[in-house]
Structures are given as C-alpha cells and as structure tokens.
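Engineer: Build the 3D model from these lines:
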Amino acid sequence: MAKQNSDNLHVTCPCCQAKLTVDPVFGAVLSHEVPVKAGPNVDLSDAQKILAEQNRQREDKFADSWFQETNKEDILAKKFEEAMKKAKDAPAGKPIRDFDLD
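Structural biologist: Below you'll find the model as predicted:
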C-alpha cells in the first residue's frame, strides 16, 4: 500500500468541544485535547451565606431523622393498623398452592 502524503485533520467535537487530531489515511485519532472547564461562578463575598445555608440544610435533615427515630414505634404501629384494616376489608380468597402453579 502506498503511503499518502497528507496533513492530519484537526476536528472540534460538536458535543464536548474537544480538539481531535485525526490521521486521514488510517482514520485513527492521533491526539485528543479536552477543553478547559470553567470553575463554578461563586463570589467569595457570598461564602458565608452559602456555608450558613448548607449548615441549615444539615440541621434540618438531622432534625427530620431525629423525629423519625424518636417516633418510630408510633409510625410502625399506625402502619400495622392500616395493614390490618386493609386485610380485614379484602375478601378472603382461596390460597394458591404450589401444585396449582404447575
């Protein structure tokens, strides 16, 4: 096979904006340059407000989990009562045997 003398193709990916260098003869990617991603646009003067908001969210989650744990018995008892009411209201059917499934 004769070697073709041609320049490499420089392509920009439309999806991620990466720069690719492609060999036109073999169709192989020779190099790949990932674009630089911009950091988060956060003003340091707002850092105190951001930290306070994160602290408040943590406290709220902890308070919710504490409430759930302290009232766990009551919640489970109510769930059990609801399940018993549902079982009483449902019509009693014939139980399915393993033999019936064959």
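Engineer: only C-alpha atoms for contact and neighbour calcs from this point on.
Structural biologist: Fine.
Engineer: Okay, helices next: where are they in this protein?
Structural biologist: Shown for the chain, the helices assigned by DSSP state H span residues 47-70, 72-89, 98-101.
Engineer: Show me the shaky parts of this structure.
Structural biologist: 1-6, 102 (pLDDT under 70).
Engineer: one step back: which among the helices of the chain is found nearest to residue 30?
Structural biologist: Evaluated over the helices of the chain, closeness to residue 30 peaks at helix 47-70, with 43.2 Å, by CA to CA.
Engineer: I'd like the helices of the chain written out as CSV, with mean neighbour count and distance to residue 31 added.
Structural biologist: Below are the helices of the chain laid out as CSV (neighbours: other CA atoms under 10 Å; distance: least, CA to CA, whole Å):
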stretch, mean neighbour count, distance to residue 31
helix 47-70, 12, 40
helix 72-89, 11, 59
helix 98-101, 6, 61
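Engineer: Turn those into TSV, columns for distance to residue 28.
Structural biologist: TSV is the format used below for those (distance: least, CA to CA, whole Å):
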stretch	distance to residue 28
helix 47-70	47
helix 72-89	61
helix 98-101	58
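Engineer: Report the contact partners of residue 16.
Structural biologist: The neighbours of residue 16, taking CA atoms under 8 Å, 6 or more residues apart in numbering as the test, are residue 35.
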